[in-house]
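Trainee: fold the following for me, if possible:
(2 chains)
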Amino acid sequence: MDNAGTIKVALAGNPNCGKTTIFNNITGAKQHVGNYPGVTVEKKEGRCNYDNHSLLFVDLPGTYSLTARSLDEVVARNVIINEKPDIIVNVLDASNLERNLYLAAQIIELGRPVVIGLNMMDIAERMGAQIDLKKLGEQLGATVVPLVGSKNKGTQELLQAVMNVAQKEETVKNANVDYGPDLEPAITSLEDMIQKTGIIQYPVRWLAIKLLENDSDVVSKVKAIDGTEGILAMAHTLRDSLKNKVDLEFCFAEYRHRFAVQAYNNAVIKPGTTDSLSDKIDSVLTNRFLGIPIFLGLMWLMFVVVINLGAYPQDWLDTGFGMLGDWCNDVIEDEQLRSLVVDGVIGGVGSVLSFVPLIVLLYLFISLLEDTGYMARAAFLIDRAMRALGLHGKSFIPMILGFGCNVPGIMAARTLDNEKDRLVTIMACPFMSCGARLPVYTLLIAAFFGASGHGGTVLFGIYLLGIIVSVCVALVLRHTAFKGEQEPFVMELPPYHIPTLKGVLTHMWERTVLYLKKAGTFILGASILVWFLTAYPMDVEYSQDYDAAKEAVTAQMEETQASILTGYGLSDIEDNAELNDMYEAMVAAADEAADEADEDEADTGNSLNPAAALSSVEDQVKNSEEAENTLFMGKYPDSFADLQEQNPTVFAQALPLFDAKAEADDATAKLEDQQNAEKLEQSYAARIGHFVEPVIQPLGFDWKIGVGLIACTAAKEVMVSTLGTIYSVGGDDTHESGIVAYLRDDPDFNPAVALSLMVFCLLYMPCVAAMAVIKRETGSWKMLLAVDGMCLVFAYIGGFITYHLALFAGLGV
Amino acid sequence: MNIVKLADMKPGVSGVVEALKGHGNIQHRLVDMGVVKGSHITVVKVAPLGDPVEVKVKGTALALRKNEAAMISVAVGGGH
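Mentor: A predicted model of the protein is given here:
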């Protein structure tokens, strides 16, 4: 107990023993997730109050052992050694007791008071097992509490047992593992030596055993302490003399297993049969013929749900933030402040939050896959294919998710235990072509490949290129910079479980909070930076006085309308109610038609289905072409026919008035577009664009694309809206078919440039959200810079090769 | 009684672990998972792509790659 009277409890156990469920049952929502200092191993802490005492629970990483051979294991045992928890609760899976007792043997060696939480009692009973809890406790020297974590049974009893042990201050003495006639004398003499030297930070017997085992972490830590040379020398001598008698590498582990078997045999009255239900499920899910199709089906389902279903709340958020932006536009007077709030802050926060639905759904799936036990099966099924890349079977899921959005893809790499596998997967993931890049492709394809009918081929080629690059990056990195012993693929296939709702929800909640806290600020900052580059300087010198020009247009319109009205013998339109109503109905109908057209086009921009997006853009281009051919019919919305029918005379009178207004609106919009274009042309982004033009010229890019490339680091689809602004066809991305025409007319743009730009966008730096997540998940700026650098180099080389091949193929016109 | 490599055992065949070859991380991981001398081990199935294999040891289903399974020698059959 510390000064504040808080009882500190460490929760230890095997992976899949239901430890996290117990942790959630005890601490509820009062959890804190972070990382252990310096490493990416997750640290989970939670509090609870029991019997007027405050308890702090630390959920240790789930491990099978406590050696120095894996980071998780080192972290787990260091918490016990350094933080000296008052109690260790060791959760054991009653349905798999013998194997679980191997870890228990190592935990009791650490010398802290232990309470055993015997979990999954329901499953053990179903399997027909009978366990004598009292005898089990005697074998280990600890209190045993039966638990059913999934049904929250035994939680109070466990807390009571913890309190009993904590308050008694003296406990049942932990049992000792017997290491047999060869090792025990060596352990005892080394113990004596340690006692004499007086190293107090380690449990003595444990330290003696670890030194004889030559545990790398312990040996190097003891070396760092002054006056330990004698101990180390003695350990060395003892090891040398033991070498001839026993296999030092494994004999300690063998004795621990022997201890586990003995404890198991003494405590278990009747062993259970194997879990036949799990075997039955496995006979389908890892079936020779069905296994892979089912796996691919589930992956497809996950992809569709996360990406496509996630697009709806993403849309709502977009709309919500759009409305908020509009409202701020009206409310905030100051132009600079308005721009900062609307385009910078709301835009930035909007993009942060728009990923939340994806992350929530992703973790719904991941926790379902993990908690049921299917994740291990998925790795089992696909490992052979992933190993060809030097990766673990589990790398498949991050890679496939990358197609939808790199952010959840990179976050899913967390499921990989091996650090090198994880880093390589994170680095390879951004090359998977995510959904946000799709609008860029569809725009360019519609502009340059729509007519030829090769659009589908081009799009397929881009996606394929992404996969190839990603695979090659993984392959090369795993064999060069991240070379190293492959993670032993020795993986438990845990029995299938029905996940608890609480567990799944907690998991989703934790991830989302983590994303918002760690990645959110980064994304917001970067979004504001990109906004600044494209919006500043504000006080640009325009080629003409746009405000005056707009006023002139309005004045002109009013004059025209007045003269028409004079012709009708009216001084004001409101003098004739019928005419006024008709005119207003026409304006309203035109507005409505324009809104609908915008919505139609916006749908294509948001669709994440490549084929649908492509065909839809092609349709729009066709429609707009057809509309041009039948100009007169296309000039007015369809609903005008109804108005004409209602009152042909008034309709004919109102039409010239409407024409004057429509003309003026068009002229004003054009002026605004020009003004925006001029403003962007003088922005810092454009200056950088001009500055880098010589560098990107070999790829066929001019400064305009340079600006797009700067802006689209905020989000890839911003490329479309930026090009839209530059070509002065409106500042939002709902004017795709408009840009198509402008792109076609631009003499600097041709199919070769389009291909080069598509390849460049595919391989280019990830968006700020992905960058933020890379930084967060790797915990290092160096890794982020490495990814960015690699992407830039690949994008440049890829663009260059594509451009010149395309020129060679005669696409440069 | 035959000593064979675990990697060469067909699904459904069981035996008793005889020895582990080598002293690397893989061996230690195997030992931690219960693959020690004297453990009863059964090959359950081979993954659809031909690798890894699933085995049962100490009541636990384990997946391991064939080259890892090749390091484990198992005493199979003989007297029932």
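Trainee: and the residue nearest to A:Lys151 when sequence neighbours are not counted, helix, strand or coil?
Mentor: In this structure, A:Lys151 finds its nearest non-sequential neighbour in A:Asp122, 7.1 Å apart by CB to CB, 6 or more residues apart in numbering or on different chains. No exception for glycine: its C-beta is placed from N, CA and C like everyone else's. The local conformation at A:Asp122, judged by DSSP: H, G, I helix; E, B strand; the rest coil, is helix.
Trainee: is it true that A:Asp122 touches A:Asn152?
Mentor: No: if you go by CB atoms under 8 Å, A:Asp122 and A:Asn152 don't touch, sitting 11.9 Å apart.
Trainee: so what touches the longest helix along chain B?
Mentor: Longest helix in chain B by number of residues, with DSSP state H as the criterion: helix B:25-32. Contacts of helix B:25-32 with the rest of the structure, by CB atoms under 8 Å, 6 or more residues apart in numbering or on different chains, involve A:64-65, A:67, A:69, A:102, A:249-250, A:253-254, A:257, A:485, A:488, A:490, B:20-21, B:64, B:68, B:71-72.
Trainee: in helices, which of those residues appear?
Mentor: Under the assignment DSSP H, the contacts of helix B:25-32 contribute A:Tyr102, A:Glu249, A:Phe250, A:Ala253, A:Glu254, A:His257, B:Glu68 to helices.
Trainee: residues in contact with the third one?
Mentor: Taking CB under 8 Å, 6+ apart as the definition of contact, the neighbours of A:Phe250 are B:Leu20, B:Gln27, B:Val31, B:Val36, B:Lys37.
Trainee: those residues: which two are farthest apart?
Mentor: Farthest apart among the contacts of A:Phe250 by CB to CB are B:Gln27 and B:Lys37. That separation is 11.8 Å.
Trainee: who's more crowded, those two?
Mentor: B:Gln27 (21 against 16; other CB atoms under 10 Å in any protein chain shown).
Trainee: now do that one, the pLDDT please.
Mentor: On the pLDDT scale, B:Gln27 is placed at 87.
Trainee: same check on A:Gly347?
Mentor: Note for A:Gly347: predicted pLDDT of 72.
Trainee: these two touch, right, it and A:Ser527?
Mentor: Yes: judged on CB under 8 Å, A:Gly347 makes contact with A:Ser527 at a distance of 5.9 Å.
Trainee: which one's more surrounded, the two?
Mentor: Applying other CB under 10 Å to A:Gly347 and A:Ser527 shows that A:Ser527 carries more neighbours, namely 27 against 23.
Trainee: the more buried one touches A:Gly344, doesn't it?
Mentor: Yes: A:Ser527 lies in contact with A:Gly344 (CB under 8 Å); the separation is 6.9 Å.
Trainee: so which of the contacts of A:Phe250 is the closest to A:Lys8?
Mentor: Taking CB to CB as the measure, A:Lys8 lies nearest B:Val31 of those, at 31.3 Å.
Trainee: how many neighbouring residues does that closest one have?
Mentor: Neighbours of B:Val31 (other CB under 10 Å): 26.
Trainee: what about residue 58, neighbour count?
Mentor: If you meant another chain, say so; for now it's chain A. A:Val58: 20 neighbours (other CB under 10 Å).
Trainee: think we crossed wires, I meant chain B
Mentor: Around B:Lys58 there are 23 residues (other CB under 10 Å).
Trainee: which residues does it contact?
Mentor: The contact partners of B:Lys58, by CB under 8 Å, 6+ apart, come to A:Asn96, A:Glu98, A:Arg99, B:Gly34, B:Ser39, B:His40.
Trainee: which of those residues sits closest to A:Ala385?
Mentor: Out of the contacts of B:Lys58, the member with the shortest distance to A:Ala385 (by CB to CB) is B:Gly34, at 27.9 Å.
Trainee: so the closest one sits against A:His257, correct?
Mentor: Yes: contact criterion CB under 8 Å: B:Gly34 and A:His257 qualify, at 7.0 Å.
Trainee: excluding its backbone neighbours, what's nearest A:Tyr568?
Mentor: Spatial nearest neighbour of A:Tyr568, excluding adjacent residues (CB to CB, 6+ apart): A:Gln653 at 6.2 Å.
Trainee: so what's that neighbour up against?
Mentor: Applying CB under 8 Å, 6+ apart, we find A:Gln653 in contact with A:Tyr568, A:Leu579, A:Met582.
Trainee: tell me the spacing between A:Thr286 and A:Gly5.
Mentor: 51 Å (CB to CB, to the nearest Å).
Trainee: ugh, wrong one, I meant A:Thr425
Mentor: 45 Å.
Trainee: before we move on, back to that, and the buried ones among the contacts of helix B:25-32, selectable in PyMOL?
Mentor: Of the contacts of helix B:25-32, the buried ones can be selected in PyMOL as follows, counting by 16 or more other CB atoms under 10 Å in any protein chain shown:
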select buried, (chain A and resi 64+65+67+69+102+249+250+253+254+257+488+490) or (chain B and resi 20+64+68+71+72)
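Trainee: what residue spans form the domains of chain A?
Mentor: Taking automatic domain parsing as the reference, chain A has its domains at A:7-168, A:180-270, A:546-680, A:681-808.
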